[in-house]
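A.B. asks: Provide a 3D model corresponding to the input given below.
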Amino acid sequence: MKTAAAYIRVSTDEQTEFSPDSQLGAIRRYAEAHGFLLPDGLIFMDEGISGRNADKRPAFQEMIRTAKLRPRQFDVILLWKFSRFARNRQDSIVYKSMLRKQCGIDVISVSEQLGDDNTSVLIEALIEAMDEYYSLNLAEEVRRGMNERFSRGGVISQPPFGYKMSGGIFVPDEEKAGIVRMIFDEFINGTAVRTIASKLNSMGIRTVKGNLFENRTVEYILTNPVYTGKLRRCKGGHGRNDRFHEDTENIIFVDGKHQPLISADIFISAQLRRAEIKKLYGRYDRQAPADLMLKGLVRCSDCGATLVHQARTGSLQCHNYARGTCRVSHCVSLKKLNALIISRLRSDLADGQINIRPKETNSAANDTDTVSLLIDKEKRRLDRFREAYSSGIDSLDEYRENKSKTLRRIDELRASASQQRFKPETNKRRAAAPLDFLEDENVSEAVKNIALRSVIDKIIFVKPDNIIRIFYK
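C.D. replies: The predicted structure is shown next:
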């Protein structure tokens with residue numbers, strides 16, 4: 001008796017004719033009639049998930065992983081219809097071909113019987129094409145319906161923080177509505193976004209998804225016109241509606257049917273203050289972060305996050321504190337921290353030398369791999385700058401400047417690959433470890449960073465004691 005696996009998928013709870021029980025019942029009857037053994041452990045089910053993308057179906061991916069096991073766990077996969085397997089011809093062809101050729105596993109639809117002749121190949125292809133057409137057409141109809149509903153002020157998204165859903169419209173969640181008003185009030189009266197996020201977290205308040213508040217979470221609330229009784233949507237219904245758009249030309253605004261939480265005057269006041277802050281500190285810097293000798297090495301003693309560069313103040317600050325999720329500020333002058341760490345390194349290497357225990361692996365090869373990864377990262381960054389220019393986000397001058405800086409970094413990294421600082425001796429002799437180059441302005445920060453990473457695992461900065469702890473590799 002051959003062993004079968006069953007794959008069941010439903011897109012929504014409303015598809016009663018496609019319910020998991022009815023699909024499984026049909027598959028069990030087919031298995032019994034055709035002499036297949038169907039163990040309970042080989043029934044894979046995705047509920048409430050579209051068939052357009054196989055990567056987003058966990059049970060489907062688990063079934064594919066099981067199919068690749070040796071010895072083979074099952075001989076066939078039984079489906080209620082081919083559309084349950086995929087509504088995307090590319091996914092269907094790739095996975096069916098892999099299962100049949102590499103695993104010797106066939107895919108059978110219990111309600112769409114195909115013969116063994118050559119014509120069955122054509123029929124199966126036609127079924128797959130019709131399934132994909134149905135999916136695309138349904139998506140277009142749903143999009144058209146959502147646009148029509150939105151134009152009449154209807155709700156087409158989940159309720160934001162401060163609201164709940166009732167009768168198909170947003171209604172105020174009285175407890176959270178007061179918090180929204182507090183956020184606007186404190187911001188208009190001069191409280192920083194990060195301070196507001198920290199206050200909300202300390203009060204035990206969480207976002208709609210149960211997460212901690214961050215700067216961007218507060219910023220989203222401050223820029224969402226839903227709190228004035230408006231609804232917004234990307235033109236054509238495409239794009240993410242929960243993302244704040246500076247370019248209002250691509251956004252449609254309509255009057256909603258829900259009760260406002262704040263007045264239009266309060267919302268405008270918040271936007272005016274945002275504009276003042278933006279004018280004072282400049283727009284968000286889309287340029288690549290500056291290369292630093294200590295980049296990625298220094299950690300916060302309170303939460304363990306990396307200390308990141310604050311270009312405006314020339315300091316380092318805990319990444320999580322800047323987002324509003326860490327309690328303790330770890331702001332420290334980059335210049336002072338550089339000097340402190342170099343001084344500590346000189347103390348540890350008082351005679352200018354250090355005992356290095358070579359690893360069994362080829363260190364030079366490892367260093368080369370590290371540099372190669374950094375170069376690849378810079379190339380990906382270059383691609384993002386190109387996309388930003390193509391999309392109209394960055395100007396031609398900004399693109400040229402960013403491209404020039406990135407190409408210079410790539411050249412420096414390639415040049416550093418030929419240098420072998422802190423190179424371990426295979427005979428465990430003492431190897432020279434000069435430190436003067438760390439203070440040499442002619443040596444790039446990227447090269448200094450690579451050199452430090454070869455011997456330092458991490459540096460913990462303890463605030464408010466202003467203590468550093470260096471952990472060597």
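A.B. asks: Break the protein down into its domains, please.
C.D. replies: Using automatic domain parsing, the domain parsing of the chain gives 2-143, 163-281, 298-472.
A.B. asks: Can you check the distance spanned by the longest one, start to finish?
C.D. replies: End-to-end distance of domain 298-472: 13 Å, with CA to CA, to the nearest Å as the criterion.
A.B. asks: now it: mean pLDDT?
C.D. replies: Across domain 298-472, the average pLDDT comes to 75.
A.B. asks: follow-up on the earlier one: out of the domains of the chain, the one nearest Asp291 is which?
C.D. replies: domain 298-472 (4.2 Å; CB to CB). Where you see a C-beta, it was placed from the backbone N, CA and C, and this is true even at glycine.
A.B. asks: got the domains of the chain as JSON lines, with distance to Leu292 and mean neighbour count columns?
C.D. replies: Below are these laid out as JSON lines (distance: least, CB to CB, whole Å; neighbours: other CB atoms under 10 Å):
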{"stretch": "domain 2-143", "distance to Leu292": "36", "mean neighbour count": "16"}
{"stretch": "domain 163-281", "distance to Leu292": "21", "mean neighbour count": "15"}
{"stretch": "domain 298-472", "distance to Leu292": "5", "mean neighbour count": "15"}
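A.B. asks: any chance of these in TSV, with distance to Asp291 too?
C.D. replies: Listed next are the domains of the chain as TSV, based on distance: least, CB to CB, whole Å:
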stretch	distance to Asp291
domain 2-143	35
domain 163-281	22
domain 298-472	4
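A.B. asks: Can you tell me how far Gln102 is from Ile93?
C.D. replies: 14 Å (CB to CB, to the nearest Å).
A.B. asks: Report the set of residues contacting both of those two.
C.D. replies: Taking CB atoms under 8 Å, 6 or more residues apart in numbering as the contact criterion, no residue touches both Gln102 and Ile93.
A.B. asks: now stretch 268-275, how far from the chain's geometric center?
C.D. replies: Taking CA atoms, centre = their mean, to the nearest Å, the mean C-alpha location of stretch 268-275 is offset from the chain mean by 29 Å.
A.B. asks: got a list of contacts for it?
C.D. replies: By CB under 8 Å, 6+ apart, the list of residues contacting stretch 268-275 reads Phe184, Phe187, Ile188, Leu222, Thr223.
A.B. asks: ok, Asn201 to Glu186 distance?
C.D. replies: 14 Å.
A.B. asks: can you check Lys101 too?
C.D. replies: Applying CB to CB to Lys101 and Glu186 gives a distance of 63 Å.
A.B. asks: shouldn't Val443 be in contact with Phe437?
C.D. replies: Yes: Val443 lies in contact with Phe437 (CB atoms under 8 Å); the separation is 5.0 Å.
A.B. asks: next helix or strand past the strand ranked longest in the chain?
C.D. replies: Criterion DSSP state E: the longest strand present in the chain is strand 2-10. Where DSSP states H and E defines the elements, the next helix or strand beyond strand 2-10 is helix 20-33.
A.B. asks: Packing partners of that following helix?
C.D. replies: strand 2-10, strand 43-47, strand 76-79 (3 or more CB pairs under 8 Å, 6 or more residues apart in numbering; DSSP states H and E).
A.B. asks: okay, the angle between it and strand 43-47?
C.D. replies: With axes from the mean of the first three to the mean of the last three CA atoms, to 10 degrees applied, the angle from helix 20-33 to strand 43-47 works out at 160 degrees.
A.B. asks: Show me what whichever helix or strand comes after helix 20-33 is in contact with.
C.D. replies: Downstream of helix 20-33, the first helix or strand assigned by DSSP H and E is strand 36-37. Contact with strand 36-37 is made by Met1, Lys2, Thr3, Ala4, Tyr30, Ala31, Asp75, Val76, Leu78, as judged by CB under 8 Å, 6+ apart.
A.B. asks: Ile183 contacts Val218, correct?
C.D. replies: Yes: if you go by CB under 8 Å, Ile183 and Val218 touch, sitting 6.2 Å apart.
A.B. asks: and for the two, which residues touch both?
C.D. replies: Common neighbours of Ile183 and Val218 (CB under 8 Å, 6+ apart) are Ile196, Leu200.
A.B. asks: So which elements touch the one helix or strand Ala322 maps to?
C.D. replies: Counting by DSSP H and E, the element that carries Ala322 is helix 319-323. With contacts taken as 3+ CB pairs under 8 Å, 6+ apart, helix 319-323 sits against helix 193-202, helix 215-222, strand 298-300, strand 307-310.
A.B. asks: and for the last one, what are the contacting residues?
C.D. replies: Read it as strand 307-310. 289-290, 292, 294-295, 298-300, 315-319, 322, 330-332, 334, 461.
A.B. asks: ditto for the longest one
C.D. replies: Defining contact as CB under 8 Å, 6+ apart, one finds that helix 193-202 is touched by 179, 183, 186-187, 212-215, 217-219, 222, 321-325, 327.
A.B. asks: try 6 Å this time
C.D. replies: Helix 193-202 is contacted from outside by Ile183, Glu186, Leu212, Phe213, Glu214, Asn215, Val218, Glu219, Gly324, using CB atoms under 6 Å, 6 or more residues apart in numbering.
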